[in-house]
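Engineer: Structure of the sequence below:
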Amino acid sequence: MKPNYSFGCSASKPSGCLLNPEGSRMIFFEECKNIPKPNLKIHTHLFYANHLGEPAGYKFSEKLNIDAAWEKWHELHQKGWTEVYYHYG
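Structural biologist: Below is the predicted model:
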């Protein structure tokens, strides 16, 4: 059974940084630049984190469509990942 997520308006997109409950990994969500709005894509960048909750080592990136990005964001929140302020780039 597929969950029924409420993602808000079509202009809404996941963005920011999430930290896993152990503090060992963090993931950044950012809008891909230079892609037309109807084909909006979100980059995710996964990093290992140090004891201070800062990026310590790059793991991988992927490009997701908006629905897949929201599903990933929601899934991580359900697993206990929390939003943290950390500017990527």
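Engineer: Remind me which helix or strand the residue nearest to the spatial centre of the chain belongs to.
Structural biologist: Nearest residue to the geometric centre of the chain (C-alpha atoms, centre = their mean): Phe29, 3.5 Å. Using DSSP states H and E, Phe29 maps to strand 25-31.
Engineer: So for that strand, what gets flagged as buried?
Structural biologist: Within strand 25-31, the residues scored as buried using 16 or more other C-beta atoms under 10 Å are Arg25, Met26, Ile27, Phe28, Phe29, Glu30. Quick note: C-beta positions are derived from backbone N, CA and C, even for glycine.
Engineer: What helices and strands are in contact with whichever helix or strand comes after it?
Structural biologist: Downstream of strand 25-31, the next assigned helix or strand under DSSP H and E is strand 41-49. Secondary-structure packing of strand 41-49 (3 or more C-beta pairs under 8 Å, 6 or more residues apart in numbering; DSSP states H and E): strand 25-31, strand 55-65, helix 66-78.
Engineer: for the record, mean pLDDT for the last one?
Structural biologist: In this case it means helix 66-78. For helix 66-78, mean pLDDT rounds to 97.
Engineer: Quick one: list the elements packing against the strand holding Phe29.
Structural biologist: Strand 25-31 packs on strand 16-19, strand 41-49, helix 66-78, going by 3+ C-beta pairs under 8 Å, 6+ apart.
Engineer: How far off centre is that strand?
Structural biologist: In this view, strand 25-31 has its centroid 4 Å away from the chain centroid, taken as C-alpha atoms, centre = their mean, to the nearest Å.
Engineer: Direction included, what does that strand pair up with?
Structural biologist: strand 16-19 (antiparallel), strand 41-49 (antiparallel) (DSSP bridges).
Engineer: Would you mind giving those as JSON lines with mean pLDDT, mean neighbour count and distance to Tyr86 added?
Structural biologist: Shown next, in JSON lines, are the strands paired with strand 25-31 (pLDDT from 0 to 100; neighbours: other C-beta atoms under 10 Å; distance: least, C-beta to C-beta, whole Å):
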{"stretch": "strand 16-19", "mean pLDDT": "95", "mean neighbour count": "20", "distance to Tyr86": "5"}
{"stretch": "strand 41-49", "mean pLDDT": "96", "mean neighbour count": "18", "distance to Tyr86": "9"}
